[in-house]
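Enquirer: coords please:
(chains A, B and C)
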Amino acid sequence: MSQRPKTPRTHPRASSIFDAYALSEIRRAAATGVYDIRGGGAKRPMPHFDDLLFLGASMSRYPLEGYREACNTAVTLGDRFAQKPIELKIPITIAGMSFGSLSGQAKEALGRGASTMGTSTTTGDGGMTPEERGHSTQLVYQYLPSRYGMNPDDLRKADAIEVVVGQGAKPGGGGMLLGQKINERVAEMRTLPEGVDQRSACRHPDWTGPDDLEIKIHELREITGWQVPIYCKIGASRPYFDTALSIKAGADVVVLDGMQGGTAATQEVFIEHVGIPTLAAIRPAVQALIDADMHRKVQLIVSGGIRNGADVAKCLALGADAVSIGTAALVALGDNDPRWEEDYQALGSTAGCYDDWHEGMDPAGITTQEPELAQRLDPVAAGRRLANLLAVMTLECQTIARANGKSDVRNLEPEDLVALTVEAAAMARVPLAGTDWVPGQGTF
Amino acid sequence: MCGIVGLYAKRPAFRESLGAHLATMLVEMSDRGPDSAGVALYRPTTTAGTVKLVVYGATDFDWPALKTALAGAVDPEVGLEQRGNHAVITARASLEALRAWIAAQHPELRVVSAGEIIEIFKEKGHPRDVVQHFGLEGLSGSHGLGHTRMATESAVTTEHSHPFSTGRDLCLVHNGSLSNHNRLRARLKKAGVDIQTDNDSEVAAGYLAWRLAEGDSLEEALERGIGELDGFYTFAIGTKEGFAVLRDPIACKHAVLAETDDWVAMATEYRAIAPLPGAEQAEIWEPQPGRIYAWGA
Amino acid sequence: MIEIDLSQNALREANQRLQAVAADDNARRFLLRNPRGAHAVAAGLKAPIEVTIEGHVGFYCAGMNQEADVILRGHAGVGLAENMMSGTVRVTGNASESAGATGHGGLLVIEGDTSSRCGISMKGIDIVVGGSVGHMSAFMGQAGALAVLGDAGPSLGDSLYEARLYVRGRVESLGADCKEKEMTAHHLDKLGRLLERAKVSANPRDFRRYGSARNLYNFKIDNLGTY
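Expert: Below is the predicted model of the structure:
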C-alpha cells in the first residue's frame, strides 16, 4: 500500500481576546468565586506620553546652553488663598501612599529622597505617622472618605491638605487593605481590629458634591487658620467638569490622577476598566482652568504613569504645573527589583510583574508589614536612590526644555509637541507629526 | 450642584413681600451656585381666561413693537411687562394660539414659562445680579421657587439654568446629579416631550410633565419618579396651587423645611431661611428621604 | 462670659479668637449670638473652654472639637461635631445628617432628633440622642457607643465594625452584618454610665443592644449578596 503524505498542520493560534491572561483569570475566578485583587495601575497598552514627541530647536527656534543658561524648575503651589503656599524646587512630587500599604521604612525612604530634592511627599489612606512628618520637609496630608487617623493636630502639622475625591486606579472606589497587612500598629492608627479586611467608604461621610465640598473646604480652612493650601485630588474621569467644579469649590490646587496611577489594592476590573488615561485627561483639565481664568493661579498636578523626565516635560507642555509619581518612586526604592527574582517566582510571579501587594509578602520589603521583609529596605540608601531618580527626571526635563528654547520648564507649551498616532493626537490635541491635523476637535 | 429655595405664603398678607424674601433667600445661596440663577414666581394677578407667557429675547429687543403686534393679532388688551431681557405677556387667548403666533413671527424669542400665573426668570450670572436684573424684590406672589446653579456636567448658559418648565404652571428645580438622564431623555423625546438641553435637571422636569400629561397626579408622578430617576436629588416642584419637595432615598443632598403662621419655606441650607421674618421661632425640620411633602399642590 | 455677636463680627475672627485661648487663660466662657445658619461655627477648638451658641447653625458646627464644651441652643446642620477628638458637644434642638461623623472621642449629646448617618464611621466618639436617628446611622461604625432613646431608621449599623449601638425605641431595619446582641450586666453598666455622663434620664434596661455579626470582616464568596 502507498503511504499517504502527511497533512501540514496550521500553526496553533492563540485568541487575541482569550489570551493567556484572560484564560488564567477565568480559571482563577472559577476556582475561588472571588474577584481578583491587586495593586498598581492600569497595565494594558493605551495611548501614553511615548506617543508624543517634542520638536526641539531648528532654524526658527533656538536652544539654551546646558548648565550655563538657566532653566528654572521651581514651582509654587497653592498661592490662591493660603498664607503659606508650597514652594517646590522641582516640579515632581511624591503621590499619596499610605503607611499600612507601605512599610514604615518605605515611607521614611520617600521622605528622605523627596526632602533632599526639595519636594513634597503625601500621606495616604491611613493617617500621618510621626516618622513621615519627621522625614519630609514638606508633607501633604490626605483627607479621605475613610478619615482613618484624621485629627486636627496632624491637620495643623501638614504643609498642605489634599481632599481626595478619588484616584485614577479606581474613580468611585474606596481604600482597601487586607487583613494580612493590618498589624497592631496599622490597626491602632486606623481604629480597626487586627487582621480584618478593611473596606473603605467610597464617598465622604459628611459631604457629597462640589457645592457641599465648598463648605467642607471652608471648615478645613477655619480649623487650620487659612494657612495652608488645599488640594483636590480626582481620578481622571470627566476632567473638564471635575476641574471646573474643584475651582468653584475653592481648591487651591487640582490633582488629576489618570488610570495608570497605582493603588495599594483594589479589584483588577476597577483598575483596568474604569477611569481614563492620563494623556486624555490633561488638556480638558487645562481648558477648564483657562476658561475659568485660573490657569497658573490654581495649579494642576498630574499623575498616573509618569516614569521619566520626558513624561514630566510632556505633562508640563500640555499645561500642568507639576507632576506626581507613585509607582516610579517605589521602583526607585527597589520595588520589583530582579535581585529578588527567586522570591517572585516562589510567589508565582516575576520581577517587573509582581503586583499582589495586598498579600503583604513583598520581597522588596516595600508593600509589606512583615518585619523580616521590611528590613530588607534600608531607608537611607533607598532615599538616596529616590533622590537620584528625581534628579535625573529633573535634568531630563530641563534638557528637553532647553532644547525647545525654554528658560523655565513651565514655558513648555502644547505647540512644542507632535503626536505619532491619531489617538494620541486627538487626546493631547496636538497635530500628527508632519501634518497640521488635530483629530477630534470637539467640545472637550 | 446648586442651591434651591422655595417659599409659600400661607396668609394673603405675606404675598406682597414674597418676591423680596425669595430674593434674599436666593442671594444667600450664591456660594454654592455662582454660575446662574432663576426663579419661578406664581403671581395670581390675572383674571380668569387670561394666559401668561414669559419670553426671553436679546438685550435690544423691541418689546413695545411686539406688544403692538400682539394687540393687533391676538388680543387688543394684551399685557406686556418687560423685566430685564424677559417679558411677561398676558392675553385673553389660548396658550397654543399665542405660542404659535410667537413661534411664527418671532422664532428668535424663547418661551421660558407658560400657564396662567407662573413667571419664570433665569439668567447666567451671579444671583445678586440676576435678582436685580429682574426686579424680583418688588414683585408679589403666592408662592415661588428659586435656584442658584453650579453647573456639573453641562454648560453654563441661560437655557441650562433652572427652573425648568415643561408644562403649564409647572416647574422644577434640582440640587444633585442624576445618573441615568441620558437614556431617559431619549425616551421622553420619543414620547413627544420638548427637551432643549443636555441638562439632567431638565430631564427630571420633562419626566414629571410627561407623567402628568399621561394622567398621573403629582404624587403618583413623583412616586413613579423615585423608581425611574437614578442618582442623587432634592427636587422642589412648583404647581399652580403650591409646591412639593422630594429627596431621593439615599438623601445625601441636604434640605431644610421651616414653617410659621405666615409662610412655609424650603432651602438647601438653613442660612437662606434665617433672614425670613419669624424664622427664629419657626418650626424647623428636615424632609425625610423618599417622601413627598406638598403645600397647596 | 464673653459675648460675640456673629451678625456684627466676622466668623473667622470669632473662630480664631476661640482657637487662640490657652488652657490657663482666665476668660474661658463665651457666648456666640446670631449664627443665622453659618457654617463651621466653633470649629477647630482646642482648649478646655466653654462655648454657648444661641440660634441655629449650618454645617460642621464644632468640627474636630478638642477639649472644649460646646452648647448649642438651637438646631444644627450637617456634620455636627464631625471628627470630634475630645470634650463635649450638646445640642438642645435637632441635628442633621452625619452628626458626630468619624468622631474619635468625646461626648456628643443631641436632645432632639438627628437625620441620616448619625455616627457614620465613628471611631471612638460616644453619642447620645434623646430623640430618633435617621437611616444608615452608625454606618461602618468602628468604635465608640451610640445610644438612641427614640427610634432608628432603616439600615442601622450597616457594615458595622466594633461600635456598640443601643436603641430604646423601634429599629426600622438593621444593616448588613448588624445584629441584636445580649445586654449583659456589663453592658447595662456601661450604658448607664454613658446616659449619666450625657445627663439624660433613661433606664438602660429599656434598651436593646446591637453590634457587628463580624461576618464581613474577611472577604468570602458566601457573602456575595451583602456586597
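Enquirer: Can you name the residues of the stretch 1-150 of chain B that neighbour chain C?
Expert: For the stretch 1-150 of chain B, the contact set with chain C under Cβ under 8 Å from any Cβ of the partner chain is empty. C-beta coordinates here come from the backbone N, C-alpha and C atoms, glycine included.
Enquirer: so where do the strands sit in the stretch 1-150 of chain B?
Expert: B:2-9, B:36-42, B:51-56, B:79-83, B:86-91, B:110-115, B:118-124, B:143-149 (DSSP state E, counting those that start in this stretch).
Enquirer: cool, the stretch 201-350 of chain A as well?
Expert: Under DSSP E, counting those that start in this stretch, the stretch 201-350 of chain A gives strands at A:230-235, A:253-257, A:263-267, A:299-303, A:322-325.
Enquirer: same deal with the stretch 51-200 of chain A?
Expert: According to DSSP E, counting those that start in this stretch, the strands that the stretch 51-200 of chain A contains are A:52-54, A:75-77, A:86-88, A:92-94, A:121-122, A:139-143, A:160-164, A:176-177, A:198-199.
Enquirer: So, low pLDDT: which residues of chain C?
Expert: For chain C, applying pLDDT under 70 flags the ranges C:220-227.
Enquirer: where along it do the helices fall?
Expert: Using DSSP state H, the helices of chain C run over C:11-20, C:185-197.
Enquirer: name the helices or strands packed onto the first one?
Expert: Of the remaining helices and strands, those touching helix C:11-20 by 3 or more Cβ pairs under 8 Å, 6 or more residues apart in numbering or on different chains; DSSP states H and E are helix A:210-223.
Enquirer: Send over the helix it packs on as PDB, restricted to the C-alpha atoms.
Expert: Presented in PDB, the C-alpha positions along helix A:210-223 are these (Å, rounded to 0.1, in the frame of the first residue of the first chain):
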ATOM      1  CA  PRO A 210     -18.800  70.300  44.900                       C
ATOM      2  CA  ASP A 211     -21.400  72.700  46.400                       C
ATOM      3  CA  ASP A 212     -21.000  70.900  49.700                       C
ATOM      4  CA  LEU A 213     -17.300  70.400  49.200                       C
ATOM      5  CA  GLU A 214     -17.000  74.200  49.200                       C
ATOM      6  CA  ILE A 215     -18.500  74.300  52.700                       C
ATOM      7  CA  LYS A 216     -16.100  71.500  53.800                       C
ATOM      8  CA  ILE A 217     -13.100  73.300  52.400                       C
ATOM      9  CA  HIS A 218     -14.200  76.400  54.300                       C
ATOM     10  CA  GLU A 219     -14.300  74.300  57.500                       C
ATOM     11  CA  LEU A 220     -10.800  72.900  56.900                       C
ATOM     12  CA  ARG A 221      -9.500  76.500  56.400                       C
ATOM     13  CA  GLU A 222     -11.200  77.600  59.600                       C
ATOM     14  CA  ILE A 223      -9.600  74.800  61.500                       C
END
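Enquirer: for the residue sitting nearest the centre point of chain C, what are its contacts?
Expert: By Cα atoms, centre = their mean, chain C has its centre lying nearest to C:G100, at 3.5 Å. Going by Cβ atoms under 8 Å, 6 or more residues apart in numbering or on different chains, C:G100 touches C:L80, C:A81, C:E82, C:M84, C:L108, C:C118, C:G119, C:M122, C:I125, C:I127.
Enquirer: and the gap between the second one and C:N94?
Expert: When you say that, I think you mean C:A81. Going from C:A81 to C:N94 by Cβ to Cβ, to the nearest Å gives 14 Å.
Enquirer: more neighbours, the two?
Expert: C:A81 (35 against 25; other Cβ atoms under 10 Å in any protein chain shown).
Enquirer: If I look at B:P34, what pLDDT would I see?
Expert: Model confidence at B:P34, given as pLDDT, is 88.
Enquirer: Contact partners for it?
Expert: So B:P34 contacts A:K248, B:H126, B:P127, B:T148, B:M150 (Cβ under 8 Å, 6+ apart).
Enquirer: ok, 10 Å please
Expert: Neighbour list for B:P34: A:211, A:214, A:248, B:3, B:125-128, B:148-151, B:156 [criterion: Cβ atoms under 10 Å, 6 or more residues apart in numbering or on different chains].
Enquirer: Equivalent analysis for A:A281, please.
Expert: Counted by Cβ under 10 Å, 6+ apart, A:A281 has contacts A:168, A:234-240, A:242-243, A:256-259, A:275, A:302, A:304, A:318, A:427.
Enquirer: what do you get for A:I215?
Expert: Contacts of A:I215 by Cβ under 10 Å, 6+ apart are A:206-207, A:249-250, B:31-32, B:254, B:269, C:39-40, C:58-60, C:77-79.
Enquirer: Tell me how many other residues crowd the nearest residue in space to B:F134 that is not next to it in sequence.
Expert: Distance criterion Cβ to Cβ, 6 or more residues apart in numbering or on different chains; nearest residue to B:F134, sequence neighbours excluded, is B:F121 at 4.3 Å. Using other Cβ under 10 Å, B:F121 is surrounded by 28 other residues.
Enquirer: Could you say which of the helices of chain C is packed most deeply?
Expert: helix C:11-20 (a mean of 17; mean count of other Cβ atoms under 10 Å in any protein chain shown).
Enquirer: gap between that one and the chain center?
Expert: Helix C:11-20 has its average C-alpha position 23 Å from the chain's average C-alpha position, going by Cα atoms, centre = their mean, to the nearest Å.
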